[in-house]
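> just a sequence and a predicted model for now, questions to come.
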Amino acid sequence: MTFLTIAIFFVLSFFGSVQPDSISLDYCYQQAYEHYPTAKNVELQKKITELNVHIANTGYFPDITINGQATYQSEVTEIGLSGGGGLPSISKDQYEGSVDVTQTIFNGGAVEIQKELERAKGEQQMHATEVNLQQIRSQIDQVYFGILLSQQQAKTINLLIENLEEQLSAVRSQVENGVLLPSQQHILKAELISARQDSIDNHSNIKAGYEVLSEIIGEEIIPKAKLVLPKEQPGYQSLHPQRAELNLFESRRQTLEQQRKLVRTKQMPSLAAFGTAAYGRPGLNFLNDDFHDYYIAGVKVRWNVWDFFNADREQQILKIEQQKIDHEQRAFQRQLNASLDRISEHIGSIKENMKRDREIIELRQQVVKESASQLKNGVITATEYVMELTRANQARLSLYINRVRLSQAKVEYLTTLGIPADGIR
């Protein structure tokens, strides 16, 4: 490997690991699903399911058992003849090593049904894991928008600081010229110090938010990384739910269906061929006391009467389990619809508040502009000016916050549906 090749490799490795300048909500979802410990259970469950299917598939293979025994008995059968003599005696110590083979010929397709049952169980476990990941997504939403709200508040605080610094500079010259009292300058200084303290606290909250988000998604996000406000999703309220719970309900039904099929095989007789090959003494001919090999082969039918009658009861149990799943899904659907209705009302309320915020901001800006002129001319005090400036900034902050909350409410609606925030464009 040449020096140039090594250099190119390290350059590509460096740039490939650089974090994007802006972070989207879907990016956080993706990183959490890839790195969150619980998410790895999905791949582990796939491996477990694959192994269980292989185990079930061995039902097609013959059942092979190796046996061995050595015994000693206190007496054996002896056959004597009148006039003396008799058959050869049988040894009291007996030995046998054997191999038993049983090959199922017919069992109602139980093996293939068992394989499908294992697959259905695996799907059920994976969907259960996805349900848990749904909660992680809600946590990401809260932290993500918490950071955005704090950042909007930071912008408002910075604007307040700029206004106070501008007015403090103007008032300082007025005080030096004897037009205003020094107390007016002190009031503005105190408000400026308070605003800077709020800025420090707000910055600390933002930093803590980035740390929490980094911990959840398993990747360090630097505070300089910009969090992107999710784009407007047209027609989101007409989408159908794609929640993992719905998939879980369906996978549970599939599991019950395979269990019903497996129960039906119990009502059918099973047919198998068997054989035993052995070596020892005595063999099947107990009069032959020499070590020798022997075998036995045949066909057997098995039909358990109690399995036949209990199968109906097991079918009834599975039907009841099906009814329980139906009830649980209807209850879930009701809760889902109630949550969607609540969020829709919240979205409408935020939109109305934003309209009022814009009207208030326009009025407050005019008042602040007039107050600044009055403060310079000594008509009002610095306290009065600060009050008007604070009200204007509160109105502006309210609009910023409602804008973020509107986006948050729409994302919450999509999260409740189980749809990615940027999944439709």
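Yep, it's here.
> so how far is Met126 from the nearest residue to Tyr33 once chain neighbours are set aside?
Spatial nearest neighbour of Tyr33, chain neighbours left out: Ala39 (4.9 Å); criterion: Cβ to Cβ, 6 or more residues apart in numbering. (Glycine included, C-beta is placed from N, CA and C.) Note on Ala39: its distance to Met126, by Cβ to Cβ, to the nearest Å, is 11 Å.
> element containing the residue positioned nearest the centre of the chain, please.
By Cα atoms, centre = their mean, the chain has its centre lying nearest to Leu133, at 1.8 Å. Taking DSSP states H and E as the definition, Leu133 sits inside helix 110-176.
> ok, Lys40 next?
Using DSSP H and E, Lys40 sits in helix 40-57.
> list the helices and strands that helix packs on?
In this structure, helix 40-57 makes packing contacts with helix 110-176, judged by 3 or more Cβ pairs under 8 Å, 6 or more residues apart in numbering; DSSP states H and E.
> if you count neighbours, what's buried in the following helix or strand past the helix it packs on?
On the C-terminal side of helix 110-176, the closest following helix or strand by DSSP H and E is helix 182-217. If you call a residue buried by 16 or more other Cβ atoms under 10 Å, then helix 182-217 has these buried ones: 184-185, 187-188, 191-192, 195, 198-199, 202, 205-206, 209-210, 212-214, 216-217.
> quick check: angle from helix 182-217 to helix 110-176?
Here the directions of helix 182-217 and helix 110-176 differ by 170 degrees (axes from the mean of the first three to the mean of the last three Cα atoms, to 10 degrees).
> for helix 182-217, what is the average pLDDT?
The average pLDDT for helix 182-217 rounds to 89.
> go on, stretch 278-298?
Stretch 278-298 comes out at a mean pLDDT of 90.
> what's it in contact with?
77, 87-91, 94-99, 273-277 (Cβ atoms under 8 Å, 6 or more residues apart in numbering).
> list buried residues within these.
The buried subset of the contacts of stretch 278-298 (16+ other Cβ under 10 Å) comprises 90, 94, 96, 98, 274, 276.
> elements contacting the longest strand along the chain?
For the chain, the longest strand by residue count, based on DSSP state E, is strand 93-106. Packing contacts for strand 93-106, counted by 3+ Cβ pairs under 8 Å, 6+ apart, involve strand 63-72, strand 270-281.
> looking at the ones you listed, which is closest to Arg356?
Nearest of the helices and strands packed on strand 93-106 to Arg356, taken as Cβ to Cβ: strand 270-281 at 76.7 Å.
> quick one, the closest one and strand 93-106 angle?
160 degrees.
> no further questions, thank you.
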